[in-house]
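[1] Below is the sequence, then the predicted model.
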Amino acid sequence: MAGSHITKLALASAMQRLMTEQPFERISVSDICAACGMSRKSFYYHFRDLLEVIEWSMEQAFGQLL
């Protein structure tokens with residue numbers, strides 16, 4: 001389970017970095033995977049789509065606040 005969390009964190013962090021460089025609409029799954037050195041298969045194993053990455057990231061951030 002810890003490995004899954006680390007992978008999700010790496011994907012979410014890559015997406016957050018990319019969002020500082022370009023609009024969300026221009027970010028693709030391939031961009032995220034390239035940014036963190038993972039395969040598209042890994043991405044889709046953990047997330048359905050880009051919006052789910054954002055949702056997971058927000059849940060993690062709010063969970064830390066509580």
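    Looks like it came in fine.
[2] For the residue nearest the centre of the chain, give me its contacts.
    Taking Cα atoms, centre = their mean, the centroid of the chain lies closest to Ala12, which sits 2.5 Å from it. Counting by Cβ atoms under 8 Å, 6 or more residues apart in numbering, Ala12 touches 53, 56-57, 60. Every residue, glycine included, has its C-beta placed from N, CA and C.
[3] For those, pick the one with the most neighbours.
    In terms of neighbour count, Val53 stands highest of the contacts of Ala12 at 22 neighbours, by other Cβ atoms under 10 Å.
[4] pretty sure it is touching Ile32, no?
    Yes. Contact criterion Cβ atoms under 8 Å: Val53 and Ile32 qualify, at 7.5 Å.
[5] hey, what's in contact with both of these two?
    With Cβ under 8 Å, 6+ apart as the test, Val53 and Ile32 both reach 11, 15.
[6] Now do the same for Phe38: helix, strand or coil?
    Let me fix one detail, which is that residue 38 is Met and not Phe. Recorded secondary structure, Met38: coil (DSSP: H, G, I helix; E, B strand; the rest coil).
[7] Ramachandran coordinates for it?
    Met38 adopts backbone torsions of phi -120, psi 170, taken as degrees, to the nearest 10.
[8] go on, Arg48?
    phi -80, psi -40.
[9] So what's the residue count around Trp43?
    Small correction: residue 43 is Phe, not Trp. 23.
[10] Then the one 3 residues further on?
    Here the number of neighbours of His46 (other Cβ under 10 Å) works out to 17.
[11] which residues sit in contact with Gly60?
    Quick fix: residue 60 is Gln, not Gly. Taking Cβ under 8 Å, 6+ apart, one finds 9, 12 in contact with Gln60.
[12] Could I have the CA atoms of the helix or strand hosting it written out in PDB?
    In this structure, Gln60 sits in helix 50-65 according to DSSP states H and E. Taking C-alpha atoms only, helix 50-65 is exported to PDB below (Å, rounded to 0.1, in the frame of the first residue of the first chain):
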ATOM      1  CA  LEU A  50      -6.500  13.900 -14.900                       C
ATOM      2  CA  LEU A  51      -9.400  15.200 -12.800                       C
ATOM      3  CA  GLU A  52      -9.000  12.200 -10.500                       C
ATOM      4  CA  VAL A  53      -5.300  13.200  -9.900                       C
ATOM      5  CA  ILE A  54      -6.500  16.700  -8.900                       C
ATOM      6  CA  GLU A  55      -9.200  15.200  -6.600                       C
ATOM      7  CA  TRP A  56      -6.700  12.900  -4.900                       C
ATOM      8  CA  SER A  57      -4.200  15.800  -4.500                       C
ATOM      9  CA  MET A  58      -6.800  17.900  -2.800                       C
ATOM     10  CA  GLU A  59      -7.900  15.100  -0.500                       C
ATOM     11  CA  GLN A  60      -4.300  14.600   0.600                       C
ATOM     12  CA  ALA A  61      -3.800  18.300   1.200                       C
ATOM     13  CA  PHE A  62      -7.100  18.700   3.200                       C
ATOM     14  CA  GLY A  63      -6.400  15.500   5.100                       C
ATOM     15  CA  GLN A  64      -3.100  17.000   6.300                       C
ATOM     16  CA  LEU A  65      -4.900  20.100   7.600                       C
END
